[in-house]
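Chemist: Got a predicted model here, sequence first, then my questions.
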Amino acid sequence: MSEMKPVDILAIESSCDETAAAVVRNGREVLSNVIYSQIDMHTVYGGVVPELASRAHIEKINPVVRQALKDAGKTLEEIDAIAVTSGPGLVGALLVGVAEAKAIAWAAKKPLIGVHHIEGHICANYIEHPELKSPYLGLVISGGHTHMFIAEEATKFKILGRTVDDAAGEAFDKVARAIGLGYPGGPKIDRIAKEGNPEAIPFPQAHVSGSEYDFSFSGLKSAVLNYLNHAEMKGETVNKADLAASFQKSVVDVLCSRAVSAAKAHGLKQVAIAGGVSANSALRAGMQAACDKAGLELFMPSPIYCTDNAVMIGAAAYFEYEKQHFAGWDLNAVPNLRLGEHS
Ligand code: KG4
Ligand code: ZN
């Protein structure tokens, strides 16, 4: 049998506060994965400062790309295409990656592929789970997005519902800030919640009444802030671990129950979660239990592929490569790119 020549894609991600590059073979095999996180720099300010993010991307992008090629043992000549996140994200941050990818593609005479960041998150599941086959029920839960969808094909998504206000990750970050845990809130709430009682405080569920598959996290966030205000007025000390665990339970419960009911309603047997919040340990355990109970098969990326990385961009780009969907030199950063749209 003749071996097909593998497709090696150099992928770049710079949409928020991670400067990342990776070499991915055939959309699945990780030849390298380099992530430079700017978190320490932004922590001082309690959140991502866009201007600082852009500058740090500019400083790190060349060394990060060089390292990704070196770790993969590849020269640019051996790479088949250059992929980059073109949106959504912070415009200045995105522009650094897009300009870098264009320059490399131009100089090395390689095709250029623009990737949708959220599509990248979803494709993170394809890296480790070849058994995951469309159609399946998907949930992408990140710092800026919360979408429930049916993956009709690997990269064709029918949106069933979304958040009508804050994204789930945003709620984690805001609640963490309110109880003084700092940025980034998700992992900190995850950690402290392990010592708390999730039944301690009955917070409202984060759903939208009358809308089966939409989410609303701002009401839950307000309930947490009200709880804190009342406690302060009465001079009571708040058990942060209990509060974190109770808030987290409210988020996890709504995501699990809605995912399971949507999968059942649409006759889907597989469920996949993705995005930064899918690294949450309570969500992973809760979703596993809910899917086991309902007889559904659950897929989730390893935590390193849940949060921002370039491997997922290389995984998504492979589908574009197969269709020979290449970007022109006019590829631009599109900060508000919607799921299903390409720049
Ligand atoms: O997907 P991501 O890395 O970036 C975006 O595309 O937004 O998601 C970042 C979000 C942040 O809000 C962060 O607090 C949250 O994911 N996150 C978590 C955890 N790790 C990251 N939320 C809950 N638990 C975690 N372990
Ligand atoms: Zn992301």
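Modeler: Nice, I can see it. Residues are numbered from 1 along each chain as shown. Ligands and ions are numbered 1, 2, ... in the order given.

Chemist: Could you pull out the helices in the stretch 151-300 of the chain for me?
Modeler: For the stretch 151-300 of the chain, helices defined by DSSP state H, counting those that start in this stretch occupy the ranges 168-178, 185-193, 218-233, 240-265, 281-294.

Chemist: can you tell which of these is closest to His129?
Modeler: Between His129 and the helices of the stretch 151-300 of the chain, the tightest spacing by C-beta to C-beta is seen for helix 281-294, at 13.8 Å. Just so you know, the C-beta spots here come from the backbone N, C-alpha and C atoms, and that holds for glycine as well.

Chemist: same question for the closest one, mean pLDDT?
Modeler: Helix 281-294 shows a mean pLDDT of 98.

Chemist: neighbouring contacts of that helix?
Modeler: Outside helix 281-294, the residues that touch it by C-beta atoms under 8 Å, 6 or more residues apart in numbering are 141, 190, 193-194, 198, 245, 248-249, 251-253, 255-257, 259-260, 263-264, 271, 273, 277-278, 297-298, 300.

Chemist: mind checking how far the nearest residue to Glu320 once chain neighbours are set aside is from Thr19?
Modeler: Spatially, and ignoring its direct neighbours in sequence, Glu320 is nearest to Ile113 (4.8 Å; C-beta to C-beta, 6 or more residues apart in numbering). Ile113 sits 19 Å away from Thr19, going by C-beta to C-beta, to the nearest Å.

Chemist: so the residue nearest to Glu320 sits right up against Phe326, yeah?
Modeler: Yes - applying C-beta atoms under 8 Å as the test, Ile113 and Phe326 come out as touching, 6.2 Å apart.

Chemist: Please list all residues in contact with Gly73.
Modeler: Gly73 makes contacts with Leu31, as judged by C-beta under 8 Å, 6+ apart.

Chemist: pLDDT weak spots in the protein?
Modeler: 1-2, 342-343 (pLDDT under 70).

Chemist: quick one: the strands in it?
Modeler: 8-13, 18-25, 29-37, 81-87, 112-116, 136-141, 146-153, 156-162, 207-208, 211-215, 270-274, 297-299 (DSSP state E).

Chemist: Would you format those as JSON lines with mean neighbour count and distance to Met233 included?
Modeler: Formatted as JSON lines, the strands of the chain follow (neighbours: other C-beta atoms under 10 Å; distance: least, C-beta to C-beta, whole Å):
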{"stretch": "strand 8-13", "mean neighbour count": "28", "distance to Met233": "45"}
{"stretch": "strand 18-25", "mean neighbour count": "27", "distance to Met233": "40"}
{"stretch": "strand 29-37", "mean neighbour count": "19", "distance to Met233": "38"}
{"stretch": "strand 81-87", "mean neighbour count": "28", "distance to Met233": "44"}
{"stretch": "strand 112-116", "mean neighbour count": "27", "distance to Met233": "46"}
{"stretch": "strand 136-141", "mean neighbour count": "27", "distance to Met233": "33"}
{"stretch": "strand 146-153", "mean neighbour count": "20", "distance to Met233": "32"}
{"stretch": "strand 156-162", "mean neighbour count": "17", "distance to Met233": "35"}
{"stretch": "strand 207-208", "mean neighbour count": "19", "distance to Met233": "29"}
{"stretch": "strand 211-215", "mean neighbour count": "18", "distance to Met233": "30"}
{"stretch": "strand 270-274", "mean neighbour count": "26", "distance to Met233": "38"}
{"stretch": "strand 297-299", "mean neighbour count": "19", "distance to Met233": "43"}
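
Chemist: Just send those back as a markdown table, with distance to His57 too.
Modeler: Output for these, formatted as a markdown table (distance: least, C-beta to C-beta, whole Å):
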| stretch | distance to His57 |
| --- | --- |
| strand 8-13 | 10 |
| strand 18-25 | 5 |
| strand 29-37 | 9 |
| strand 81-87 | 11 |
| strand 112-116 | 16 |
| strand 136-141 | 23 |
| strand 146-153 | 25 |
| strand 156-162 | 28 |
| strand 207-208 | 36 |
| strand 211-215 | 31 |
| strand 270-274 | 23 |
| strand 297-299 | 31 |
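
Chemist: so which of those strands comes closest to Ile61?
Modeler: strand 18-25 (5.7 Å).
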